[in-house]
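Engineer: 3D, please:
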Amino acid sequence: MTQQKKFDYQIKQDANTWSAEITRRISARRSSISKRQDGFVTEALAIEWATAELAGFLEKQKQANVRKSERRTERNELAAKALAEKEAKNAAFLAKREESRALALEAADDDDFDYDEE
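Structural biologist: All right, here's what the predicted structure looks like:
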């Protein structure tokens, strides 16, 4: 199995001009064109544009990934906090219910009349 880059560039010749494309690998068989520039006079100019654009494109992707990671961290922390609060409320509810049951059983024991003692 060959490993291919997620983002790369391709240079194509159209008659007398060259075009450059920034491509994104979607799956093993599919790729998508993220950015395209046509009309280069030489292949060298097309390669120069493609390498510069690819570097800028990858830098933007890194920054976006960092922002998404920060948001995901915040979201996960809030979810963990909400879950902890829910579990604490549930534990308090169960403790209160158990206390009520104990008081009810104690009250029921006091109300029992023992006929044998008379």
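
Engineer: now the helices: where do they sit in this protein?
Structural biologist: Ranges of helices within the chain are 43-111, based on DSSP state H.

Engineer: Next, name the residue at the spatial heart of it.
Structural biologist: By CA atoms, centre = their mean, the mean C-alpha position of the chain lies nearest to residue 72, the distance being 5.6 Å.

Engineer: Could you check how far it is from residue 41?
Structural biologist: Applying CB to CB, to the nearest Å, the value for residue 72 to residue 41 is 45 Å. Just so you know, the C-beta spots here come from the backbone N, C-alpha and C atoms, and that holds for glycine as well.

Engineer: Could you do residue 82 as well?
Structural biologist: Counting by CB to CB, the gap from residue 82 to residue 41 is 60 Å.

Engineer: The residue lying closest to residue 6 once chain neighbours are set aside - how many residues pack around it?
Structural biologist: Spatial nearest neighbour of residue 6, chain neighbours left out: residue 25 (5.3 Å); criterion: CB to CB, 6 or more residues apart in numbering. Residue 25 has 14 neighbouring residues, counting by other CB atoms under 10 Å.
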